[in-house]
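Enquirer: task: produce atomic coordinates for the following.
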Amino acid sequence: MQRRLLALGALLCLLAALGLAVWTAVEQFPRGISVLACLLVSALAARHALYARGLVWRAAVLIAVLALAGAVALAVLEGRPGADAAVVVLFAASLLCARLAFRVHVRLPPAAAPQRPVLFFNPKSGGGKAERFALADEAAARGIQAIELQKGADLGELVRAAVRDGADALAMAGGDGSQAIVAAIAAENDLPYACIPAGTRNHFALDLGVDRDDVVGALDAFSEGGERRVDLAEVNGGVFVNNVSLGVYAEAVQRDDYRGAKLRTLAATAAGEERAPVELHWQRGGQTESGAIVLVSNNSYRLGRPLASGTRPRLDSGTLGVAVIGTSGGEGPPGSGGATDRWTAKRFEVQASSPVPAGIDGEAVMLEPPLRFQTMPGALRVRIATAHPGASPSALIPDTLRDTIAALARYAFGRARRARAEPGPRP
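Expert: Numbering: from 1, shown residues only. Take a look at the predicted model:
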């Protein structure tokens, strides 16, 4: 019933927003149309700024800001900004209701509790979440040995030593880079693994279906959790759980000031005209292609969508997701265009004339070409607490707007039935 009401609310808010936008455009002509046009131009320019570089990027950002300022100025000068604000609020309410309507909870197959589980935790990750939530004490209360990662310690060696000493399950509380190290060793030894969301962003936890707001509850994955298998991926023998970025972001994370000012550093890197072009090339369909920015992910991301954008609906498709911004066919200069391209593959190889700066799960590294990516299907046994979702927030969301509205209509007016996502084929 709750899902039905939320779906109905999403549809009603969307219809009300569209109706009010049309009424404003007609009744307050020409100002109404001018405001809507400015908002549309601002949105389009902001979207184009994501795919542009140098002067084009600066121009797109400037247009987006000026168009948005123009919409606000027109609404205020007319003295009746209420209708325009109401349109924005109704659209936002529609998105919120839709997001809640598509919430998912999966009942994973139960799994026997391990006898000697070990938790590794970084006390500094996520602003000190491990210490703030007393993770070591909470783990001990659940029969889980907790090992603190000291400054300068080799996490991989600590994990391998624990496995040699008889650990039969592994968990990591820290950033996604640390999660990848522990997950890789768990996969090597076919041991169950639990992702404890004690990092800053916890992207891997989100796509696994771990509640990022329940750090302590994630420990229950070993005592009362279910298990599923998910994919890992690797580049030049190194395992990653989220993605590897090549291009602007990868160059930005190499800078010393990135940690303290991420957005400013990214903007400066993207707009820097003194920066040499990124020379990345690969073969696809018998043709040589190149691009300015490349993102290779462990399964495909949902990108450019109003709902759950930036998440992966599945982590068990057995494929890599490849997204390229600034593509060019043939042997032209990389990034000469503003086009984007996306596809999936089981393997992907990138050629370059020199070492390539890369961001692997957010960590800055230099990779020697060629860069060889491949998926590791079903490599990792993941344990997730029963109380947590158990699937990505986008697992139930259709890819297109039309299909999303149709799904909301089925929830609102069709036969009431439990919506669920299963590990495996997309629902």
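
Enquirer: quick one: the strands in the stretch 151-300 of the chain, in order.
Expert: 169-173, 192-196, 225-235, 238-240, 243-246, 281-284, 287-298 (DSSP state E, counting those that start in this stretch).

Enquirer: for those strands, which one sits closest to D211?
Expert: strand 192-196 (11.0 Å; CB to CB). (Glycine included, C-beta is placed from N, CA and C.)

Enquirer: can you list the strands that the closest one pairs with?
Expert: strand 169-173 (parallel), strand 371-385 (parallel) (DSSP bridges).

Enquirer: pLDDT-wise, which helix or strand of the protein ranks last?
Expert: helix 262-271 (a mean of 47; mean pLDDT, DSSP states H and E).

Enquirer: I figured N122 hits A198, correct?
Expert: Yes - under the criterion of CB atoms under 8 Å, N122 makes contact with A198 at 7.4 Å.

Enquirer: what about the two, which has more around it?
Expert: A198 (30 against 23; other CB atoms under 10 Å).

Enquirer: so the more buried one touches F133, yeah?
Expert: Yes - counting by CB under 8 Å, F133 is a contact partner of A198 at 7.5 Å.

Enquirer: give me the below-cutoff pLDDT ranges for the stretch 51-200 of the chain.
Expert: Applying pLDDT under 70 to the stretch 51-200 of the chain flags the ranges 51-57, 74-84.

Enquirer: what about 80?
Expert: Scanning the stretch 51-200 of the chain for pLDDT under 80 picks out the ranges 51-61, 68, 70-88, 91.

Enquirer: could you pull out the helices for it?
Expert: 54-78, 82-101, 129-132, 135-141, 155-164, 176-188 (DSSP state H, counting those that start in this stretch).

Enquirer: residues of the fifth one that come out buried?
Expert: In terms of neighbour count (16 or more other CB atoms under 10 Å), helix 155-164 has its buried residues at 155, 158-159, 162-163.

Enquirer: from I196, how far off is I144?
Expert: Distance of I144 to I196, computed by CB to CB, to the nearest Å: 10 Å.

Enquirer: V294 too?
Expert: Relative to I196, and taking CB to CB, V294 is found at 30 Å.

Enquirer: what does Q2 give?
Expert: Applying CB to CB to Q2 and I196 gives a distance of 29 Å.

Enquirer: same question, I405
Expert: 37 Å.

Enquirer: who's more crowded, the two?
Expert: Neighbours per residue (other CB under 10 Å) separate I405 from I196, with I196 holding more: 30 against 16.

Enquirer: could you find the closest non-adjacent residue to the more buried one?
Expert: A173 (3.8 Å; CB to CB, 6 or more residues apart in numbering).

Enquirer: same check on A167?
Expert: Closest to A167 by CB to CB, 6+ apart is V118, at 4.3 Å.

Enquirer: surely that neighbour touches G166?
Expert: No - using CB under 8 Å, V118 makes no contact with G166, being 9.3 Å away.

Enquirer: looking at these two, which is more packed in?
Expert: Using other CB under 10 Å, the more surrounded residue of V118 and G166 is V118, with 25 against 9.

Enquirer: which residues sit in contact with that one?
Expert: 144-147, 162, 167, 169-171 (CB atoms under 8 Å, 6 or more residues apart in numbering).

Enquirer: against L95, how distant is T319?
Expert: Distance from T319 to L95, by CB to CB: 29 Å.

Enquirer: so these two - more neighbours on which side?
Expert: Shown here are T319 and L95; by other CB under 10 Å, T319 has more neighbours (20 against 15).

Enquirer: list the residues that contact both of N122 and A198?
Expert: 130, 173-174.

Enquirer: now for A184, how many residues are close by?
Expert: 22.

Enquirer: surely it touches Y193?
Expert: No - counting by CB under 8 Å, A184 sits too far from Y193 to count as a contact (9.6 Å).

Enquirer: alpha carbons of stretch 215-228, as PDB, please.
Expert: Taking C-alpha atoms only, stretch 215-228 is exported to PDB below (Å, rounded to 0.1, in the frame of the first residue of the first chain):
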ATOM      1  CA  VAL A 215      27.500   1.400  10.200                       C
ATOM      2  CA  VAL A 216      27.200  -0.800  13.200                       C
ATOM      3  CA  GLY A 217      24.300  -2.800  11.800                       C
ATOM      4  CA  ALA A 218      26.400  -3.800   8.800                       C
ATOM      5  CA  LEU A 219      28.400  -6.000  11.200                       C
ATOM      6  CA  ASP A 220      25.300  -8.300  11.500                       C
ATOM      7  CA  ALA A 221      26.000  -9.500   8.000                       C
ATOM      8  CA  PHE A 222      28.100 -12.400   9.600                       C
ATOM      9  CA  SER A 223      25.600 -13.300  12.400                       C
ATOM     10  CA  GLU A 224      22.300 -13.000  10.600                       C
ATOM     11  CA  GLY A 225      23.000 -12.000   7.000                       C
ATOM     12  CA  GLY A 226      22.400 -13.400   3.600                       C
ATOM     13  CA  GLU A 227      24.900 -14.100   0.900                       C
ATOM     14  CA  ARG A 228      25.200 -13.300  -2.800                       C
END
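
Enquirer: what about that stretch, distance to the chain center?
Expert: Offset of stretch 215-228 from its chain centre (CA atoms, centre = their mean, to the nearest Å): 22 Å.
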